[in-house]
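here is my input; please provide its structure:
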Amino acid sequence: LRFPRLAGATRSFYKPYASSMASQLAGGSTLDGLVQVPAGSTVPVYYCAGDLTLGGSSAVTPGGPMLIYVAGTLTIRNSITGTGNTWIVFLVENDVIIDAGSLDNLAINGTFIANGKIQALGQHSGNLAVNGSLIAGEGIDLADAWKTRRTYLYHPAPDSLPLPHLTELIEYTVLQGKFH
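From the prediction side, this is the model:
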């Protein structure tokens with residue numbers, strides 16, 4: 001199964017929803033603590049023009065359902081504590097990396113869709129709890145970093161967030177004329 005790439009067309013769809021200056025993050029930004037739903041848009045979207053780090057100094061807690069589009073790599077250094085009404089969907093053009101310096105006991109709640117890999121670095125002596133969804137075009141590797149205990153629980157993204165449809169053309173037939 002091949003997933004559609006998050007790139008120009010997808011980026012062009014989500015970026016206009018990040019209509020306020022506060023919802024447009026520069027590459028190299030870090031989000032910590034309570035992350036409020038971006039104001040001024042009908043769809044709550046943050047757009048990051050490059051790499052984004054989550055939880056540089058504290059856990060990330062979403063203030064409501066939101067989508068964060070990352071045009072680079074997403075690095076996780078601390079827990080993400082969202083639940084049903086406070087959920088984050090991450091659309092990441094490159095990789096999602098759980099940093100080697102992240103917490104030994106780490107909880108990650110959210111929906112993660114990445115073109116690249118979702119990978120944990122380093123060795124951790126605690127527990128990893130993933131509550132949500134992980135989709136990665138180049139695979140998922142969390143086992144080597146947490147050998148003690150890993151738990152995965154599926155949780156869907158809220159219906160209010162517009163997610164990309166994952167479709168693939170399997171077969172087509174030209175009935176008349178030319179296929180363009």
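
going by C-alpha atoms from here, please, whenever you check contacts or count neighbours.
Noted.

how close does Thr73 get to Asp95?
5 Å (Cα to Cα, to the nearest Å).

quick one: average pLDDT of stretch 160-168?
Throughout stretch 160-168, pLDDT has a mean value of 71.

ignore the last one, stretch 100-114
pLDDT averaged over stretch 100-114 gives 95.

return the set of buried residues in that stretch.
Residues 102-114 are the ones in stretch 100-114 that count as buried (16 or more other Cα atoms under 10 Å).

just give me how far it sits from the chain centre.
Put simply, stretch 100-114 sits 10 Å off its chain's centre (Cα atoms, centre = their mean, to the nearest Å).

show me what Gln24 is bridged to.
Beta-bridge partners for Gln24, by DSSP bridges, are Tyr47.

contact partners for it?
Ala18, Tyr46, Tyr47, Cys48, Ala49 (Cα atoms under 8 Å, 6 or more residues apart in numbering).

and Asp99, by the same measure?
Neighbour list for Asp99: Thr75, Ile76, Arg77, Ala120, Leu121, Gly122 [criterion: Cα under 8 Å, 6+ apart].

ok, back up a step: what would the buried residues of stretch 100-114 look like in CSV with distance to Gly64 and secondary structure?
Converted to CSV, the buried residues of stretch 100-114 look like this (distance: Cα to Cα, whole Å; DSSP: H, G, I helix; E, B strand; the rest coil):
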residue, distance to Gly64, secondary structure
Ser102, 24, coil
Leu103, 24, coil
Asp104, 26, coil
Asn105, 24, coil
Leu106, 21, strand
Ala107, 18, strand
Ile108, 16, strand
Asn109, 13, strand
Gly110, 12, strand
Thr111, 14, strand
Phe112, 17, strand
Ile113, 19, strand
Ala114, 22, strand
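
can you tell me which residue is nearest the centre of the protein?
Note on the chain: the residue nearest the mean C-alpha position is Phe90, at 2.1 Å, using Cα atoms, centre = their mean.

doesn't Gly72 make contact with Glu93?
Yes - in terms of Cα atoms under 8 Å, Glu93 counts as a neighbour of Gly72; the distance is 5.6 Å.
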